[in-house]
Structures are given as C-alpha cells and as structure tokens.
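S.K.: Provided below are the primary sequence and the corresponding predicted coordinates.
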Amino acid sequence: MSTTTASAPKVPAQRSTPRTAPEKARRARRRGERGPLASALSHGVLAVASLIALFPIVWLVYLSAGPDKDDYLHPGGIAGKATLDNYAYVLQHTGFFDWMKSTLVVALGTTLVGVLFAATTGYAVSRMRFPGYRPLMWVLLLTQAFPIAVLIVPMYEIFSELGLIDSYLGLVLVNCTTIVPYCTWLMKGYFDTVPVDIDEAGRIDGLSPFGTFWRLILPLAKPGIAVAAFYAFITAFAEVAFASTFLLDDSKYTFAVGLQSFISEHDAQWNLMAATAVLIAVPVTAFFYLVQKHLVTGLTAGGTKG
C-alpha cells in the first residue's frame, strides 16, 4: 500500500518594490535630525533675528556719520554727506578721555570687588551650613526687588557721612550693592556643580578652607567667574543713576554721565551722541572678547543646580 504525501502549494515570491529616493533619505535620517524644510526655516528665523539685533547698531553708526545735529530727522540725506568730523570733535573737544578713565576705573574696580565678594559668599553658602544661610540668600534676592530710586537717598546720606561722595571708591561700593546679590546667586549655582570630593581632597592635603577655595575651587570656576565679571563690568559701565548722583566733579564723569552734556534744555546734539556711543562700544567689545570663551560654559553650568 503506497502513501501519497500532499505537497504544500508553492507561494509565489513577493517582488520587493524599490524604494524611492525621498523614502531612502527619510529612512537614513537619524532621530532628531531636521529635514531640509525645517533646517531652511530655522536658518531663516535666525537670519531675521540677527538682522533685528544688528539694526540698532548699524543705524547708530549711520547716524554718527551725519554732519548736522538734525540729520536724524532726514536720514536719507546722510549717505551723500557722510563724514568722520563728529568723531574728531568728540576726541578733541570733549572730555572723552577723562570719561573713559573714570569709567574704566569704576567698572574694573566694581568688577574686582564685586566678583570677590560674590565668589566668597557663593562658595560659603554652597559648601557650609551655618545658621541663617538660607535666609541670607533670600535676603540677597530680595534686595533686587527695590528700585534704584528708593536706594539713592539713604545711600547718599550714608556715604556723605563717610566722606565718599564724589569719589571712585564710593561709586564702586554703591555699584556693588546691586551687583553682588545677583553674582552671588550665579556663583552659588556654579559652585554647586563642582564636586565636594575636591574640597575633601584639599582638607586631606592639609589646606585650610580658604586655601581649598583659592587653590582648588577658583581655578575650576573660571567660566562662572567670567560670567559674573562680564555682568559686573557691563552693569557698572552703563550705570547712570548712581554715577550722576554720587559724582560731582566734571573730570570724574563716566561715559553714561558725560553723554548728558550733549543735551541741554533746548537743544540736543544727536550726531555727537551717536559718535560717542560708537566709541564707547570699543572697550566693551574688547572686554567681551577676553571673556567670551568662558561665557557659554559658565551660563549653562551655573543653571544646572540651584
């Protein structure tokens, strides 16, 4: 007796359809990678944002080339009569260099004193647990809520009793009252990202708490210090209210106060103000160039912990 084995019917092999080029491109694109349309859109938005940010600077430089004080009312005619006479007048017939000296003394002094106090305070709050360390930080934050106009009168009376009116030291200390609280919070957040093991290693090696801070922690905190220094320098450089109140001698005016000399009760020399503003940007740009490589690292690291 013979047995027959039923063979399974053969299934015809399915022919694979070739993928088109767009499908292959989408399949090869990594996760999170933008497509051509999204990339072009993002670049377009960034280009527009860059033009918006650069427009005030370009416009200021353009107005500074106008020879007449009323050229800002008819800016179309500046291109045909552009000149550098405004810059020559500012450099030769105003107190520009006295303003620069005063501004640099105040700004650099504020940066040095403010960052020193902010770094030591931020390190102490980050590492040490003493009675009232949390309220201390909140008090520092609360001081930022008071407007400058409210602080000028009591500070003026205090500094008048101390004989610090119309002095660079007095203006430096006044600027530190607004700069130190913010920089302390900034430095505290950055010190929180530095491992505590480094402090313990310093104590094992026989370093004092200040020695550990000075020799081990500060070198690691350069990005955070750069951000705090940049903020302190820019704030003191452009400060107007305190400088116009606490400085009485014309030779000690800073740039922010010196610019007011171009404005009188019935007149305003906008062309000279624009030229001075362009010249003022030079030292700020130079300082930014010195610290710019640390700014991004310091800003991102300081925001990881609170």
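M.R.: Received the coordinates, thanks.
S.K.: where's the nearest residue to Thr143 once chain neighbours are set aside, which helix or strand?
M.R.: Distance criterion Cβ to Cβ, 6 or more residues apart in numbering; nearest residue to Thr143, sequence neighbours excluded, is Pro181 at 5.0 Å. All C-beta spots, glycine's among them, are computed from the backbone N, C-alpha and C. Using DSSP states H and E, Pro181 maps to helix 168-191.
S.K.: packing partners for that helix?
M.R.: Packing contacts for helix 168-191, counted by 3 or more Cβ pairs under 8 Å, 6 or more residues apart in numbering; DSSP states H and E, involve helix 96-127, helix 133-143, helix 148-161, helix 222-238, helix 241-246, helix 270-302.
S.K.: Any buried residues in the first one, and which?
M.R.: When you say that, I think you mean helix 96-127. In terms of neighbour count (16 or more other Cβ atoms under 10 Å), helix 96-127 has its buried residues at 96, 98-100, 102-111, 113-115, 117-127.
S.K.: again with the third one
M.R.: When burial is assessed from 16+ other Cβ under 10 Å, helix 148-161 yields the following buried residues: 151-152, 155-156, 159.
S.K.: Make CSV from the helices and strands packed on helix 168-191 and add mean pLDDT and distance to Met187 to it.
M.R.: Converted to CSV, the helices and strands packed on helix 168-191 look like this (pLDDT from 0 to 100; distance: least, Cβ to Cβ, whole Å):
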stretch, mean pLDDT, distance to Met187
helix 96-127, 92, 3
helix 133-143, 81, 11
helix 148-161, 89, 23
helix 222-238, 89, 6
helix 241-246, 91, 23
helix 270-302, 77, 8
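S.K.: Which of the ones you listed sits closest to Ser42?
M.R.: Evaluated with Cβ to Cβ, the helices and strands packed on helix 168-191 place helix 270-302 nearest to Ser42, the distance being 19.2 Å.
S.K.: So which elements touch that closest one?
M.R.: Using 3+ Cβ pairs under 8 Å, 6+ apart as the contact test, the elements touching helix 270-302 are helix 36-64, helix 85-93, helix 96-127, helix 168-191, helix 222-238, helix 255-258.
S.K.: closest one to Phe146 among those helices?
M.R.: Across the helices and strands packed on helix 270-302, Phe146 has its closest neighbour in helix 168-191 (9.4 Å, Cβ to Cβ).
S.K.: how big is the angle separating that closest one from helix 222-238?
M.R.: For the pair helix 168-191 and helix 222-238, the angle between their directions (axes from the mean of the first three to the mean of the last three Cα atoms, to 10 degrees) equals 150 degrees.
S.K.: Please name the residues that touch the residue nearest to Thr143.
M.R.: Pro181 makes contact with 140-141, 143-144 under the criterion Cβ atoms under 8 Å, 6 or more residues apart in numbering.
S.K.: distance of Arg134 from Val125?
M.R.: Spatial separation of Arg134 from Val125 under the definition Cβ to Cβ, to the nearest Å is 8 Å.
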